[in-house]
Each structure stands twice: as structure tokens, then as C-alpha cells.
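K.L.:
Just the structure for this:
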Amino acid sequence: MECKEAEKLIRKFIDDELDYRESIQFMEHVKECGNCKEELAIQFLVSEGMANLEQGGAFDLQGELDKRMEKVEKRIARNENLRYISYVIEFFAVVLIIIFIMLVFVK
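P.N.:
Next up is the predicted model:
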């Protein structure tokens, strides 16, 4: 992913609207690109800071950004685990079908 693409996704990240593929690509890019990580931090701090000021509460914006990034990382890991489990289930289903066919048709 290039910086321009990542910058377009920052708003979706802040609004928690990235799909699975976008999440993976965005997180990988932000981890590697200091400029985009800084831009994310700035936009997040402005966006969330304004919202928190309107609510009048105390806040730790960097901590909130770190939590949001951790949440997305966990979502990615959970989806990868589910995909792996589905592959395993599909494999065993195919094996069972093959065994069934062999038992029925091979005598």
C-alpha cells in the first residue's frame, strides 16, 4: 500500500469502518511508515480530542489510539484464526467425502 492510499483510509480507521482486507493493508503500512503513522496520530488526536472536549471529560488520546490499533490487530488475528479453522473443516469434509465415495463405489 502506498501512502496516498493509507491516508485515504485514516478516516475509515478512526470511524472503525475498515473491512478486513483494508485493515490488514492499513495496519501493515502504518507500522512501516512513520509519516503515515504520524498523520494517523494527528488526525485521531484532532478528531477524538474534539469529541472528548465536547463531552468535557479527561482523556488520554495516545492511549486511545493505541487501544484502537490493538483492537484492529486482534480483529485481524481472530479473522485469520477463523479462516484457518474453516480450511481445516473443509479439508476434513473433503476427506470424509472421499472415504464415503470409496466405501460406496469401491467393492
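
K.L.:
dump the residue contacts of Ile10.
P.N.:
If you count contacts by CB atoms under 8 Å, 6 or more residues apart in numbering, Ile10 has them with 36, 39-40, 43-44. Backbone N, C-alpha and C define where each C-beta goes, glycine included.

K.L.:
how does it look with 10 Å?
P.N.:
18, 26, 30, 36, 39-44, 47 (CB atoms under 10 Å, 6 or more residues apart in numbering).

K.L.:
do Phe26 as well
P.N.:
Contacts of Phe26 (CB under 10 Å, 6+ apart): 1, 5-6, 8-10, 12-13, 18, 36, 40, 69, 72.

K.L.:
Out of those, which end up buried?
P.N.:
Buried subset of those (neighbour count, 16 or more other CB atoms under 10 Å): 1, 6, 9-10, 13, 18, 36, 40, 69, 72.

K.L.:
now those in a markdown table, with distance to Arg83, pLDDT and secondary structure?
P.N.:
As requested, those are exported to a markdown table (distance: CB to CB, whole Å; pLDDT from 0 to 100; DSSP: H, G, I helix; E, B strand; the rest coil):
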| residue | distance to Arg83 | pLDDT | secondary structure |
| --- | --- | --- | --- |
| Met1 | 21 | 84 | coil |
| Ala6 | 24 | 93 | helix |
| Leu9 | 22 | 95 | helix |
| Ile10 | 26 | 94 | helix |
| Phe13 | 22 | 93 | helix |
| Leu18 | 17 | 91 | coil |
| Cys36 | 26 | 93 | helix |
| Leu40 | 26 | 93 | helix |
| Met69 | 21 | 90 | helix |
| Val72 | 16 | 90 | helix |
